[in-house]
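K.L.:
next input, structure requested:
(one chain, ligands or ions: 1)
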Amino acid sequence: MTNRSLWRQFPQIRNERWSHGNIVLVGDALRTAHFSIGSGTRLAMEDATALASALLTNDFAIPAALEAYQAKRQPIVEKLIAAANASAAWYEEFVSHMELEPLELAMNYITRSGRVDLSRLRQQAPKFVSTYEAGGHGNTTA
Ligand SMILES: Cc1cc2nc3c(=O)[nH]c(=O)nc-3n(C[C@H](O)[C@H](O)[C@H](O)COP(=O)(O)OP(=O)(O)OC[C@H]3O[C@@H](n4cnc5c(N)ncnc54)[C@H](O)[C@@H]3O)c2cc1C
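P.N.:
From the prediction side, this is the model:
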């Protein structure tokens, strides 16, 4: 909107290495997940529990524990970050989405991060999907 709204710039934080010596990163200091997927707090908490568990499992041997923490947690985090990036990109193109008709916009929005696909949506919101398909939208087969 062309008023004087001040929009917060969301910082995209990424770290290739998760630790250095006895210093280790968790939560937003490690990586941010765009707020539109609402998972940043969960990720931060899960980082902390994964770190605690790696320390316990490795008998508090710091280098081994920090390596295990990253090795175990990174693949899980990367999936969520891919979804968060896709969702953030969707918001960057918001103006063009506003040209879609309402049902297309709703479908485009709900599937924006790639975490919800048509088969899942069919289970969770069957009425919405059948209305969407009955309207000749999408050519969906999934
Ligand atoms: C607009 C917005 C909406 C969001 N919505 C959601 C949502 O709906 N659901 C969700 O799960 N997540 C959401 N998030 C993300 C979530 O807030 C963060 O991912 C989460 O708070 C990260 O936790 P953290 O402990 O890593 O960092 P933080 O919560 O940022 O905690 C870091 C703390 O360290 C303190 N600190 C910084 N520097 C120093 C220093 N030098 N010395 C001492 N203390 C220091 C800070 O004051 C802060 O209290 C949202 C984020 C934003 C910006």
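
K.L.:
ok so Q123 is a helix residue?
P.N.:
Yes - according to DSSP: H, G, I helix; E, B strand; the rest coil, Q123 belongs to a helix.

K.L.:
ok, now which ones touch it?
P.N.:
The neighbourhood of Q123, defined by Cβ atoms under 8 Å, 6 or more residues apart in numbering, contains no residues. (Glycine included, C-beta is placed from N, CA and C.)

K.L.:
what's the answer for the one 5 residues further on, then?
P.N.:
Applying Cβ under 8 Å, 6+ apart, we find F128 in contact with A106, L121.

K.L.:
and with 6 Å instead?
P.N.:
With contact set as Cβ atoms under 6 Å, 6 or more residues apart in numbering, F128 has no partners.

K.L.:
helix or strand for N15, which one?
P.N.:
Assessed by DSSP states H and E, N15 sits outside every helix and strand.

K.L.:
distance check, it against L103.
P.N.:
Using Cβ to Cβ, to the nearest Å, N15 is found at 40 Å from L103.

K.L.:
swap in M45?
P.N.:
Taken as Cβ to Cβ, the span from M45 to L103 is 36 Å.

K.L.:
between the two, who's got more neighbours?
P.N.:
When neighbours are counted by other Cβ atoms under 10 Å, L103 comes out ahead of the other of M45 and L103, with 16 against 12.

K.L.:
the more buried one - nearest residue in space that isn't next to it in sequence?
P.N.:
Y132 (5.2 Å; Cβ to Cβ, 6 or more residues apart in numbering).
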